[in-house]
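Student: what's the 3D shape of this:
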Amino acid sequence: MPGIGDVTAHALIADLPELGHLDRRRIAALVGIAPLNRESGRWRGRRMIGGGRPTVRRTLYMPTMVAIRYNAPIAAVYRRLTDAGRPKKVAIIAAMRKLVTILNAMLRDRRAWQTA
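Tutor: Okay, the predicted model is just below:
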């Protein structure tokens, strides 16, 4: 997949052995890139990411930046969110979640990367 190199692939295999076995919501929560509510009663807070495995999140940051530049589906997600006025950091995390979702599906279905 464009954006994923040998170092990232080995780190994901070592630090995230569940990749390919969970659904997209659970894998995003396990990595720590799923938006979590901060609400209490009538107070409505902002959604934030957290928990999960910070080592995997740190490992995926630079591959996500490369994928935003060279991978069309990931770049489309990032561009759509930034054009809509979302902060760039929010768009990066959304692109990271899309990247993990695609990698999870590739491993689950045992398929190689295919451009659409």
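
Student: which helices and strands does the least confident helix or strand in the chain by mean pLDDT pack with?
Tutor: One helix or strand of the chain scores below all others by mean pLDDT, DSSP states H and E: strand 43-44, with a mean of 76. Using 3 or more Cβ pairs under 8 Å, 6 or more residues apart in numbering; DSSP states H and E as the contact test, no helix or strand touches strand 43-44. (C-beta placed from N, C-alpha, C; glycine too.)

Student: Buried residues, the longest helix seen in the chain. List them.
Tutor: The longest helix of the chain (DSSP state H) is helix 88-109. For helix 88-109, a neighbour-count test (16 or more other Cβ atoms under 10 Å) marks 91-104, 106-107 as buried.

Student: any residues touching it, and which ones?
Tutor: Contact with helix 88-109 is made by 1, 3-4, 12, 19-22, 24, 27-28, 31, 33-34, 49, 57, 60-61, 63-65, 67-68, 71, 73-74, 77-78, 81-82, 86, 111-113, as judged by Cβ atoms under 8 Å, 6 or more residues apart in numbering.

Student: What's the local residue count around Leu12?
Tutor: Burial of Leu12 is recorded as 20 neighbouring residues (other Cβ atoms under 10 Å).

Student: Secondary structure class of it, three-state.
Tutor: Here Leu12 is recorded as helix under DSSP: H, G, I helix; E, B strand; the rest coil.

Student: if you skip the residues just before and after it, what's nearest to it?
Tutor: Leu19 (6.0 Å; Cβ to Cβ, 6 or more residues apart in numbering).

Student: cool, Thr82 as well?
Tutor: Ala91 (5.0 Å).

Student: Tell me the spacing between the residue nearest to Leu12 and Met106.
Tutor: The gap separating Leu19 from Met106 is 9 Å, by Cβ to Cβ, to the nearest Å.

Student: all strands for this structure, in order.
Tutor: 39-40, 43-44 (DSSP state E).

Student: can you put those strands in JSON lines and add mean neighbour count and distance to Thr8?
Tutor: Listed next are the strands of the chain as JSON lines, based on neighbours: other Cβ atoms under 10 Å; distance: least, Cβ to Cβ, whole Å:
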{"stretch": "strand 39-40", "mean neighbour count": "10", "distance to Thr8": "34"}
{"stretch": "strand 43-44", "mean neighbour count": "8", "distance to Thr8": "36"}
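
Student: Nothing else from me, thank you.
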